[in-house]
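# Sharing a sequence plus its predicted fold:
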Amino acid sequence: MIETAVDALNAGQVVVLPTDTVYGLCVSPYREEPARRVFELKGRENQQAIALVAADLEMLFECVSELRGRSGTIARELLPGPYTLVFPNPAHRYRWLTGTRPDTIGVRVPVLDGYGKQVLDRVGAVAATSANVHGGPDPKTVAEIPQEILNGVAEVVDAGELPGVPSTVIDFTGERPVVLREGAGDVERALAVLA
C-alpha cells in the first residue's frame, strides 16, 4: 500500500491519503497535469486553490524559498499543526495550485503518524484537498469518500477514522490576518502569533 501510493504520486497519479484532519486527494505538486485531475475528480473549478502540504518545515522552505521574514516566523510558530496558512508567493510558484491568486500560496505541514507520515516522508510534498466532491462533507473515514472519487484514484491509504474537522485556513498576505475557514486549528492561538 505504501509503495504503491508513493509510486503513484511520483507518476503523477491521484492518491487518497490520511492527514491529521480528514482524508485528502493528493498529487505531486510539481506539475500542472496531476492538479487538473484533482479538480476534475472533485468537480471543482481550477480557480480555487489547493494547499501545498510538506512532510516537515525544512521541506516546506525548500519548496517555497520565499517563506522568510514574517511568513517564515508565522510558519515556524504554527506548523506542524492543523492549519493551512496563506502567504505571499511573489515568484508565482505552483501557479496551478494557487487558483485566481497566483501571488499567494496556501501551505500545510500536518502532524502525522502511521501510513500518512510514511508516504509523505517518502515523497516530500503533495498538493492536497479534501477527498470529497465540491461542497460535500469532509471524509473522516474511507467509507465516507464518494465512490466516483474512489473510482478515479490510483491508491487509497486507509488509516481508519480521522478527526474529521478540516484545517483552519488563515490568510496572512494582508496587513491583518483573515480567517478564511475555522477548523481544527485554534484561531486565537494563530492570531496571537502576530501579537
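Looks like it arrived, so ask away.

# Residues contacting stretch 68-78, please?
57, 60-61, 67, 85, 87-88, 107, 109, 172, 185, 189-190, 193-194 (CB atoms under 8 Å, 6 or more residues apart in numbering). For every residue, glycine as well, the C-beta is placed using N, CA and C.

# now those: which count as buried?
57, 60-61, 67, 85, 87-88, 107, 109, 172, 185, 190, 193 (16 or more other CB atoms under 10 Å).

# In strands, which of those fall?
Among the buried ones among the contacts of stretch 68-78, the ones falling in strands (DSSP state E) are Leu85, Phe87, Pro88, Val107.

# Which one of the residues you listed is nearest to Val16?
Val16 lies nearest to Val107 out of these, by CB to CB, at 20.6 Å.

# sorry, back to before: of the buried ones among the contacts of stretch 68-78, closest to Thr141?
Nearest to Thr141 out of these is Gly185 (CB to CB; 21.4 Å).

# Now do the same contact list for the closest one.
Contacts of Gly185 by CB under 8 Å, 6+ apart are Leu78, Gly81, Pro82, Tyr83, Ser167, Thr168.

# Likewise for Thr104?
Residues near Thr104 by CB under 8 Å, 6+ apart: Ala49, Val86, Phe87, Pro88, Asn89, Thr98, Asp171, Thr173.
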